[in-house]
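return a 3D structure for these sequence lines:
(4 chains)
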Number of protein chains: 2
Amino acid sequence: MRKITIDDVAALAEVSIKTVSRVINREPNVRKTTRQKVLEAARQLDYWPNVAARGLAGKNSYLIGLVYDNPSPSYLANLQTGVLETCRESGYGMVLYSLDSQKSNLIAQTDELIIQSRVSGLILTPPLSDNMELVQHLVAQNFAHALVSPPAFGETKFDGPVIMLDDRLAVFEMTNYLIKAGHRRIGFIKGHPQHSAGLRRFIGYCDALNAAGLAVDDQIIAQGYYSFDSGLSATQKILSANPRPTALFSTNDDMAAAAMHTALDMGLKVPDDLSVVGFDDTPLSRYIWPPMTTVRQPIRDMGHKAAEKLITYIHEPKKGQQIVMPFELKIRSSSAPLI
Amino acid sequence: MRKITIDDVAALAEVSIKTVSRVINREPNVRKTTRQKVLEAARQLDYWPNVAARGLAGKNSYLIGLVYDNPSPSYLANLQTGVLETCRESGYGMVLYSLDSQKSNLIAQTDELIIQSRVSGLILTPPLSDNMELVQHLVAQNFAHALVSPPAFGETKFDGPVIMLDDRLAVFEMTNYLIKAGHRRIGFIKGHPQHSAGLRRFIGYCDALNAAGLAVDDQIIAQGYYSFDSGLSATQKILSANPRPTALFSTNDDMAAAAMHTALDMGLKVPDDLSVVGFDDTPLSRYIWPPMTTVRQPIRDMGHKAAEKLITYIHEPKKGQQIVMPFELKIRSSSAPLI
DNA sequence: CTGAAAGCGCTTACAG
DNA sequence: CTGAAAGCGCTTACAG
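Numbering: from 1, shown residues only, chains lettered A, B, ... in the order given. This is a model prediction of the structure:
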């Protein structure tokens, strides 16, 4: 199984390798019949360009990096599946990197990653996409990047494409659902302070309460950090308030699971004594008992979009692309009307 | 920020690029003082070899592939984290591929993947590592591969390293724990028929029952496919048996969660009416309520080992390496002594 | 123990 | 619209 090279294709199509290169790279200025001949030869020989040679000769490595900092496994799995699928269709490779957004050498680490891996672009996920210092560094270096769920637009300026959800609206609507179900006292577990999406979710909650003429009560609001364990202590605080809330909104599913956990440990029934609502629609939300009401985020599709837009951007950088993805309320059994 | 090349290092160290190459690749036959000079120059310039150039010139792409077929998100996340960490230390890149082990073109897909991605080796996870046709194909092509949890040794012959758990023993011990807790009637949800590890787990269950003089009863054994939904129907079958079992062993955590779900839906209490035990120790097992008793598999470390051994194998292929990883019984609240 | 030359398979200017 | 030449940054034989 000898490797097929550009020379083989050129020979069969009776053109120069430069013409083959043009066709492969979809460059203009190739006569239609010539293009056909080359494509046919490539197909016939089952030719695939050598990525290493492309990377060495050109400036595009045909490699993009997905960087993350301690996400939930299913968030990462879904997102990377989406990115991977789009990469494969486009002839790109994907590499993964875990970065620590708390470390002071984050920028240096990122530079090292870019140099060592030779990626042509980066997809940043929260909380990395929230890190303005990092994003501005990429912008300043003119390095292609796509941002997943970064801070709200207008607050700062990005160059690359942005993939986001209307987090505020999603939580606004879900909170309204609880209010319409008769709940007047609704607790809230905040997201990690450095995740802007978490902040937007909190705003949606406050907006819904205000619109309904309900007060925002600090006693039943607690800081969470997206981890199950942080959800445990946050819930303990909230459920010790007097009067106790009848519903609890958590900024993500893991903490909502912790809320259900804590409630059950205290002898409360879900949803009879406490309605619990999460965010993300991870598999977990369906696996626990009772099945959890939550906001569905189309994470895999967000991966598709992020990769697609980043690859387009690498080929021709058009600034300011913004994609807002749809959400969906998944009403399941962990929430119920107040009797 | 001009890129540092091998020429820069050679110039600073006052040697030829070939000598730099030797040092970088840890080849023998370099005088110690020369080696020092080169290393110092590389350090001083912060030199990193260009992977694309290496891949083009040599036969090693410094890239390994992790291939999977529909694993649970947390299994994949943990394994890939381990692989990634080891890759980074060794200067390798990791690429991910999802393959469908049911499709008839699996072999062709794998070949295409190898050619396109130019990986120098592959790590196969179940059920791909169970696919003898695929493994034999790699062996025949002399292509480096590491196998995670493949069929028991002796059944066939691999060339590459093998990373496994003593699944039989793990389930044997966990079943013994249930027996010692007084359970006489213990149900079992089998794993996917094509996962040999699942088969070994079933054997461990049978062995423990036999050793205790208990009968293996088909009425309380059901086929599962590792998915939550398959666990739902398996549990329904098992819990409709008469007399009903007092304990239930599931081949993985997702199905064990489904078992708890079904039991709770039927109004049974866990663990009072039914002890439930899983396998894997995914985060899920800790997040549901009550927290689940399960067998801990050191998945991340298995990733480390798989990558480490594969990379060693790429550099010098020594056949028949086998690593058995330790397991651990995690006794939590979903199981209790029979009163 | 060390080095000079050739070549891996592409793309980048440049020419026509 | 098409092509010949140079070069990307390494490793592979080969020589000494």
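
centroid residue for chain A?
A:Val148 (4.7 Å; C-alpha atoms, centre = their mean).

hang on, isn't it packed against A:Leu122?
No - A:Val148 lies out of contact with A:Leu122 (C-beta atoms under 8 Å); the separation is 11.0 Å. (Glycine included, C-beta is placed from N, CA and C.)

ok, back up a step: quick one, what contacts the residue nearest to the centre of chain A?
A:Leu79, A:Ile123, A:Leu124, A:Thr125, A:Pro126, A:Ser129, A:Ile163, A:Met164, A:Met302, A:Ala306 (C-beta atoms under 8 Å, 6 or more residues apart in numbering or on different chains).

all helices of the stretch 101-250 of chain A, in order?
A:106-117, A:132-140, A:167-180, A:196-211, A:228-239 (DSSP state H, counting those that start in this stretch).

and the residue in the stretch 201-339 of chain A positioned nearest to DNA strand C, how many neighbours?
Nearest residue of the stretch 201-339 of chain A to DNA strand C: A:His315, at 10.7 Å (C-beta to the nearest atom of the strand). A:His315 sits with 13 neighbouring residues when counted by other C-beta atoms under 10 Å in any protein chain shown.

now do A:Ser16
12.

relative to DNA strand C, how far out is the closest residue in space to it that isn't next to it in sequence?
Nearest non-adjacent residue to A:Ser16, counting by C-beta to C-beta, 6 or more residues apart in numbering or on different chains: A:Ala10, 6.0 Å away. Separation of A:Ala10 from DNA strand C (C-beta to the nearest atom of the strand, to the nearest Å): 9 Å.

mind checking the SS state of A:Ala10?
Three-state assignment for A:Ala10 (DSSP: H, G, I helix; E, B strand; the rest coil): helix.

for it, list the residues it contacts.
A:Ser16, A:Ile17, A:Thr19, A:Val20 are the contacts of A:Ala10 under C-beta under 8 Å, 6+ apart.

dump those residues to TSV, plus secondary structure, pLDDT and distance to B:Asp254.
As requested, those are arranged in TSV below (DSSP: H, G, I helix; E, B strand; the rest coil; pLDDT from 0 to 100; distance: C-beta to C-beta, whole Å):
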residue	secondary structure	pLDDT	distance to B:Asp254
A:Ser16	coil	93	56
A:Ile17	helix	93	52
A:Thr19	helix	94	53
A:Val20	helix	94	49
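
which one among those residues gets closest to DNA strand C?
Closest approach to DNA strand C among the contacts of A:Ala10 (C-beta to the nearest atom of the strand): A:Ile17, at 5.1 Å.

what's the neighbour count on that closest one?
14.

one more: A:Val216?
14.

one more: A:Asp229?
The tally of other residues near A:Asp229 (other C-beta under 10 Å) stands at 13.

for DNA strand C, what are the nearby residues on the stretch 151-300 of chain A?
Contact residues (C-beta under 7 Å from any atom of the strand) of the stretch 151-300 of chain A with DNA strand C: there are none.

run through the stretch 151-300 of chain A and note the low-pLDDT ranges.
A:153-157 (pLDDT under 70).

so where do the strands sit in it?
Secondary structure of the stretch 151-300 of chain A by DSSP state E, counting those that start in this stretch: the strands cover A:162-165, A:186-189, A:221-222, A:247-250, A:275-280, A:293-296.

please list the residues of the stretch 51-200 of chain A that sit near DNA strand D.
For the stretch 51-200 of chain A, the residues in contact with DNA strand D (C-beta under 7 Å from any atom of the strand) are A:Ala53, A:Leu56, A:Ala57.

for the residue nearest to the first one when sequence neighbours are not counted, phi and psi?
It refers to A:Ala53. Distances taken as C-beta to C-beta, 6+ apart place B:Leu56 nearest to A:Ala53, at 5.2 Å, with adjacent residues excluded. Dihedral angles of B:Leu56 (phi, psi; degrees, to the nearest 10) stand at phi -70, psi -40.
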